[in-house]
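> sharing a model that was predicted from the sequence below.
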Amino acid sequence: MYLWGRPTEALLAAITRVDFRHSAARTRLVRVGQSPGPTISLLAAVLRSSGLEIVGAASGSVPPRDVMLDAYHQLMARAASGALRVDTERVPLAEIEAAWQRPDPTGRRLVIVP
């Protein structure tokens with residue numbers, strides 16, 4: 001994952017929701033980058049309830065290619081089935097500057113439309 005900060009916090013909150021059922025005993029988060037922020041707030045419940053493993057992307061720490069591909073396919077299947085949802089707000093391109101500047105405590109992602 002190239003993101004860190006609030007997007008990672010949202011992902012971790014999603015995988016620990018009661019209505020989200022994951023089939024794997026372990027969830028591995030591979031941290032590659034730190035955009036849009038260098039820190040996260042991690043609740044202890046996330047570690048207790050998700051089987052979460054967080055590893056950095058350094059020499060020897062990244063899982064084999066087939067493991068990464070399997071994880072990617074699982075993520076895409078969940079997204080396609082509707083099990084993984086991202087709260088979005090559609091914003092016309094002409095209004096993007098104002099939308100980008102305003103605070104959004106809900107964590108919604110902006111989707112820019114022509």
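Yep, that arrived. This one's a predicted model, so the numbers in the text were calculated from it and none came from an experiment.
> can you list the domains in the chain?
What automatic domain parsing lists as the domains of the chain is 5-83, 87-114.
> pick out the shakiest of those domains, pLDDT-wise.
Lowest mean pLDDT within the domains of the chain: domain 5-83, at a mean of 78.
> picking that back up, which one of the domains of the chain is the most hemmed in?
Comparing those by mean neighbour count (mean count of other CB atoms under 10 Å), domain 5-83 ranks first with a mean of 12. Every residue, glycine included, has its C-beta placed from N, CA and C.
> which parts of this structure are helices?
Ranges of helices in the chain, per DSSP state H, are 5-15, 44-50, 65-81, 96-101.
> so what touches the first one?
Taking contacts as CB atoms under 8 Å, 6 or more residues apart in numbering, the residues outside helix 5-15 that touch it are 1, 20, 22, 27, 29, 31, 34-43, 46, 50, 52, 84-85, 107.
> apply 6 Å and report the result again.
27, 36, 37, 40, 46, 50, 107 (CB atoms under 6 Å, 6 or more residues apart in numbering).
> any chance of the residues you listed in a markdown table with distance to residue 73 as columns?
Shown next, in a markdown table, are those (distance: CB to CB, whole Å):
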| residue | distance to residue 73 |
| --- | --- |
| 27 | 15 |
| 36 | 26 |
| 37 | 28 |
| 40 | 25 |
| 46 | 24 |
| 50 | 20 |
| 107 | 26 |
